[in-house]
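Q: Here is a sequence together with a model predicted from it:
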Amino acid sequence: MPSSDQNMKLAPQPRNGRAVMWLLIVLSVSIVGATVLLSNDMRHLKSLARSFGIELFPPAAPPPPPPPKIFRRTEPVSIKIAPRTLDLPQPALASAFLRTWRISGPVMCEALRSAGVETSEWAETAFNSDTFECSYEHVYKKEKEHVVSSLFLVVRGNGRGMITSMRVKLVGPATDSNGQLDPAIVRIFETMLTQPAWLDFHDALTAIRNLKDVKEEGFGVLINFTQEYSRPGAFNFTLLLQENSAQQRRTKDYFSPKTWLPAPDPSWQVPEFIFWRRA
């Protein structure tokens, strides 16, 4: 049998077990309490702190107020649009932009006859089957075999009636007291340069009237009026047409309907016949 000394050594063991048990209970309760206080965005912890008069998380400062809106009074703006801006395209006015020579050879020859120059009929030449022309030649004065005063004119083109060139040669032309060319001869140049309805040749007509050298070039037309150096009193006028000049191509491409699109609906915003440039 065990002795009384051994019983006294084994007696404290139950007390250590109860201490461990209570320690575990306290630890578990602390964990549960901490979980409850920290849950729901620490709502319970904040309520408990406020009950003791403690503010754990002071409220954030409110954002600054937005700047005051400034309302400016604007006056209505009226825009005036010229009526012709909204007009439909008119093919009859295309020559003012396309800068093409729309007068045919037969029409030019008839206009010269109306101006008092009895040109021949527009007909095929003997040199080339695709070259057509009308011409006029008159000798005003002749001394023996030498021509003192004469006029020669030719309008040349192709079988489709398109003019390619016009030439005039003057020898000893009649002038007035101011040294200006006779009005009957000036009328020839006026007819040639005004029939196409271009407005670029006023300076050229003025120079020709005063028998001054002049040269103009633009939009496929070359005009040259010069005096012959080897023959005083003799003058040459040349008008050449180039169908495919760079200026003509750029202008024709810009105003071509293929490069424009009709304006979109609704019509209350912009008239539907206004055109916008295609990108």
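A: Great, that's in hand.
Q: what mean pLDDT does stretch 174-194 have?
A: In this model, stretch 174-194 has an average pLDDT of 89.
Q: Give me the buried positions along it.
A: Within stretch 174-194, the residues that count as buried by 16 or more other C-beta atoms under 10 Å are 181, 185, 187-193. Yep, even glycine has a C-beta here, placed from its N, CA and C like the rest.
Q: One more: stretch 107-123?
A: 108-109, 111-113, 115, 117, 119, 122.
Q: hey, where'd the helices end up in this structure?
A: Under the criterion DSSP state H, helices of the chain are mapped to 4-10, 13-51, 95-98, 105-114, 183-194, 202-209, 246-255.
Q: Among the ones you listed, which one carries the weakest average confidence?
A: helix 4-10 - the lowest mean pLDDT of these, at a mean of 48.
Q: tell me the contacts of Ile185?
A: 151, 170, 173-174 (C-beta atoms under 8 Å, 6 or more residues apart in numbering).
Q: same deal with Gly17?
A: Going by C-beta under 8 Å, 6+ apart, the list of residues near Gly17 is empty.
Q: is it true that Lys142 touches Gly172?
A: No - contact criterion C-beta atoms under 8 Å: Lys142 and Gly172 do not qualify, at 10.4 Å.
Q: Please say which of these two ends up with more neighbours.
A: A direct count of neighbours by other C-beta atoms under 10 Å for Lys142 and Gly172 places Gly172 higher, at 17 against 11.
Q: what about the more buried one, distance to Met192?
A: Taking C-beta to C-beta, to the nearest Å as the measure, Gly172 falls 21 Å from Met192.
Q: excluding its backbone neighbours, what's nearest Ser135?
A: Val154 (4.3 Å; C-beta to C-beta, 6 or more residues apart in numbering).
Q: What of Val117?
A: Tyr136 (5.2 Å).
Q: The one you found - how many residues pack around it?
A: With other C-beta under 10 Å as criterion, Tyr136 counts 18.
Q: Which pLDDT value belongs to it?
A: 94.
Q: Check Ala123 too.
A: Reading off the model, Ala123 has pLDDT 92.
Q: how's the chain carved up into domains?
A: According to automatic domain parsing, the chain comprises the domains 10-51, 93-243.
Q: winner for burial among those domains?
A: domain 93-243 (a mean of 15; mean count of other C-beta atoms under 10 Å).
Q: May I have stretch 179-193 exported as PDB, CA atoms only?
A: Listed in PDB are the C-alpha atoms of stretch 179-193, where the atom choice follows Å, rounded to 0.1, in the frame of the first residue of the first chain:
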ATOM      1  CA  GLY A 179      -2.100 105.500-132.000                       C
ATOM      2  CA  GLN A 180      -4.800 103.000-130.900                       C
ATOM      3  CA  LEU A 181      -5.800 100.100-133.100                       C
ATOM      4  CA  ASP A 182      -8.800 100.700-135.400                       C
ATOM      5  CA  PRO A 183     -12.100  99.800-133.700                       C
ATOM      6  CA  ALA A 184     -13.100  97.500-136.500                       C
ATOM      7  CA  ILE A 185     -10.000  95.300-135.900                       C
ATOM      8  CA  VAL A 186     -10.300  95.600-132.100                       C
ATOM      9  CA  ARG A 187     -13.800  94.100-132.500                       C
ATOM     10  CA  ILE A 188     -12.100  90.900-133.800                       C
ATOM     11  CA  PHE A 189     -10.100  90.400-130.600                       C
ATOM     12  CA  GLU A 190     -13.100  91.400-128.400                       C
ATOM     13  CA  THR A 191     -15.100  88.700-130.100                       C
ATOM     14  CA  MET A 192     -12.500  86.100-129.600                       C
ATOM     15  CA  LEU A 193     -11.900  86.900-125.900                       C
END
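Q: if we can go back for a sec, okay if I get the buried residues of stretch 174-194 as CSV plus distance to Pro66?
A: Listed next are the buried residues of stretch 174-194 as CSV, based on distance: C-beta to C-beta, whole Å:
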residue, distance to Pro66
Leu181, 82
Ile185, 84
Arg187, 81
Ile188, 81
Phe189, 77
Glu190, 75
Thr191, 77
Met192, 76
Leu193, 72
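Q: Pick the one among those closest to Glu228.
A: For those, the closest approach to Glu228 (C-beta to C-beta) belongs to Leu181, at 15.9 Å.
Q: That concludes my questions; thank you for your assistance.
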